[in-house]
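Q: Take this sequence and fold it.
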Amino acid sequence: MQVNISGHQLEVTEPLRAYIGEKLDRLERHFDKITNVQVTMNVEKLLQKIEATLHIPGAEVVANAEHTDMYAAIDLLTDKLDRQLKKHKEKTQSLLQGATGR
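A: As a prediction, the model looks like this:
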């Protein structure tokens, strides 16, 4: 899994990179076919924003989160991505098993 982390109006420090990597590793345990991840962090006044795009076979998973603390925003983001990945995995498994999806 290739991870690209960028920051707008924010310096991406090594502890932030390590924390994001740790959280993305957790996602990879639930869905191991993630090929590429683009993470963008942004600061607007007091609000810390983060957005991520995960490239997986046949789809892209996009989520964003905002909080006053960047680490809390990262936690919110990974929770959203985790839910979306589980939903995608369940959908593809049900299609493979012949379910109608309704």
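Q: what's the top helix by length along the chain packed up against?
A: The single longest helix within the chain, with elements called by DSSP state H, is helix 70-96. Other elements packing on helix 70-96 under the criterion 3 or more CB pairs under 8 Å, 6 or more residues apart in numbering; DSSP states H and E are helix 14-30, strand 47-56, strand 59-67. For the C-beta atoms, the positions are set from N, CA and C on the backbone; glycine is no exception.
Q: So for residue 76, which of these sits nearest?
A: The closest of those to residue 76 is strand 59-67. By CB to CB, the value is 3.8 Å.
Q: Need the contact partners of the closest one.
A: If you take CB atoms under 8 Å, 6 or more residues apart in numbering as the criterion, strand 59-67 is touched by 47-54, 73-74, 76-77, 80-81, 84-85, 88.
Q: Check these for burial and list the buried ones.
A: 48-54, 73-74, 76-77, 80-81, 84-85, 88 (16 or more other CB atoms under 10 Å).
Q: Give me the buried positions along stretch 62-79.
A: 63, 65, 66, 67, 70, 73, 74, 75, 76, 77, 78.
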